[in-house]
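>>> below are the sequence and a predicted model for it; my questions follow.
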Amino acid sequence: MAEPNEKEISVPWPTKTAITVQLTTPPKGIKHSGFALVLGPGAGGDENQALLVEVAKEAAKEGHFCARYRAKVPNLVAGTVAEKFAASESSEESAPAKKAKGKKAAPATKEKKESESSSSGYPPNFIRGLALFSYPLHTPDNTKALRDRILLDIPPTVATLMVSGLKDSMCQTTLFAKVFKDMKSSPREIVQIEGADHGLGYGSAKSHAGKKEALISAIAERTVQFMDEAIAKKESAMAEKAIVIKTKAELKKVADEWTVATTTT
């Protein structure tokens, strides 16, 4: 299979300078799905983080567009954005347009058209899902001030995949367990990596390099699978059920190659 195509583009931003975006598109011969994945870096990172690059390539191979941005803006608002879109979609669906019997509808004014366009500029189900890698539930020094509201505000209509290291100093396992249980998002899945830290790595030792590469590949593959599942969710009866999945993943070396073993808890 041919490799995905990649190019740098500039996206206008209302109040700041344009955002630099790396756009990854499907390889020649692969039909476009009509869906896209937007990836933002964590604090101190950029669009060229190995995990983001690998996820983008895997998504493109499945026919999805992928945009990796370099904007220096807070990244924790993803769930809030999803909640806003869902609220807008819900109000639109619950308030169908009415037409008076026996009367010709009056033509829409310019002001009304602009108002409708600005309040509903996106199609229903615009955001199908969220993928959150190493969500910083709290700071390493303060486990009492939880950043849980964003997660709890993600609506049931938005699928959520979370990947976290069990040695993540910014996401204590016992604290996260309660937040995850109280989330409304469905399906929602948490994949917890044995021995991995906040950077989804295993320390700076060179001996861990191959292990981290294997983990990145596994995360990218699962992310794209989850994306495909989220896209199909609206057309499936499973959308009516609350689906919660907790998985633990551990890397094991077999014949000089790292493999990922997963168990559902």
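Great, that's in hand. Because the structure is a prediction, the values reported are computed rather than measured.
>>> phi and psi next, for the closest residue to residue 128 other than its chain neighbours.
Closest residue to residue 128 in three dimensions, ignoring its sequence neighbours and counting by CB to CB, 6 or more residues apart in numbering: residue 230, at 4.3 Å. C-betas here are computed from N, CA, C, even on glycine. The phi and psi values for residue 230, taken as degrees, to the nearest 10, are phi -70, psi -40.
>>> residue 230 and residue 215: what is the separation?
Summarising the geometry, the distance separating residue 230 from residue 215, computed by CB to CB, to the nearest Å, is 22 Å.
>>> which of those two has more neighbours?
In this comparison of residue 230 against residue 215, neighbours counted by other CB atoms under 10 Å, the higher total goes to residue 215 at 24 against 21.
>>> the more buried one and residue 259 touch, don't they?
No - taking CB atoms under 8 Å as the definition, residue 215 is not a contact partner of residue 259, at 10.7 Å.
>>> who touches both of the two?
Where contact means CB atoms under 8 Å, 6 or more residues apart in numbering, the residues bridging residue 215 and residue 259 through contact with each are residue 251.
>>> which residues touch residue 259?
So residue 259 contacts 214, 251, 252, 253 (CB under 8 Å, 6+ apart).
>>> which helices and strands does the host helix or strand of residue 23 pack with?
Counting by DSSP states H and E, the element that carries residue 23 is strand 19-25. Under the contact criterion of 3 or more CB pairs under 8 Å, 6 or more residues apart in numbering; DSSP states H and E, the helices and strands touching strand 19-25 comprise strand 5-11, helix 50-61, strand 65-69.
>>> dump the ones you listed to a markdown table, plus mean pLDDT.
Output for the helices and strands packed on strand 19-25, formatted as a markdown table (pLDDT from 0 to 100):
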| stretch | mean pLDDT |
| --- | --- |
| strand 5-11 | 92 |
| helix 50-61 | 96 |
| strand 65-69 | 93 |
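>>> out of these, which comes closest to residue 191?
In this view, the helices and strands packed on strand 19-25 are compared for proximity to residue 191 by CB to CB, and helix 50-61 is the closest at 13.1 Å.
>>> what does that closest one contact?
Residues from elsewhere that reach helix 50-61, judged by CB under 8 Å, 6+ apart: 1, 3-6, 22, 24-27, 30, 37, 39, 41, 65-66, 68, 131, 133, 200, 213, 216-217, 219-221, 223-224, 227.
>>> which residues sit in contact with residue 249?
Residue 249 neighbours (CB under 8 Å, 6+ apart): 191, 192, 193, 194, 218, 260, 261, 262.
>>> among those residues, name the buried ones.
The neighbour-count criterion (16 or more other CB atoms under 10 Å) marks 191, 192, 193, 218, 260 among the contacts of residue 249 as buried.
>>> if you count neighbours, what's buried in stretch 167-184?
Of the residues in stretch 167-184, those buried (16+ other CB under 10 Å) are 167, 168, 170, 171, 176, 179, 180, 183, 184.
>>> typo on my end, stretch 17-32
Neighbour-count burial for stretch 17-32 [16+ other CB under 10 Å]: 19, 21, 22, 23, 24, 25, 26, 30.
>>> closest to residue 13 among the contacts of residue 249?
Within the contacts of residue 249, distances to residue 13 taken as CB to CB reach their minimum at residue 191, with 32.7 Å.
>>> what about whichever strand in the chain runs longest, distance to the chain center?
When the chain is parsed with DSSP state E, its longest strand is strand 244-254. How far strand 244-254 lies from its chain's middle: 20 Å, per CA atoms, centre = their mean, to the nearest Å.
>>> make residue 1 into 28 and carry on from there
All set: I'll call the first residue 28, so the last point we hit is now strand 271-281.
>>> so which of the buried ones among the contacts of residue 276 sit within helices?
Under the assignment DSSP state H, these contribute residue 245 to helices.
>>> among the buried ones among the contacts of residue 276, which has the minimum pLDDT value?
Of all the buried ones among the contacts of residue 276, residue 287 has the smallest pLDDT value, namely 89.
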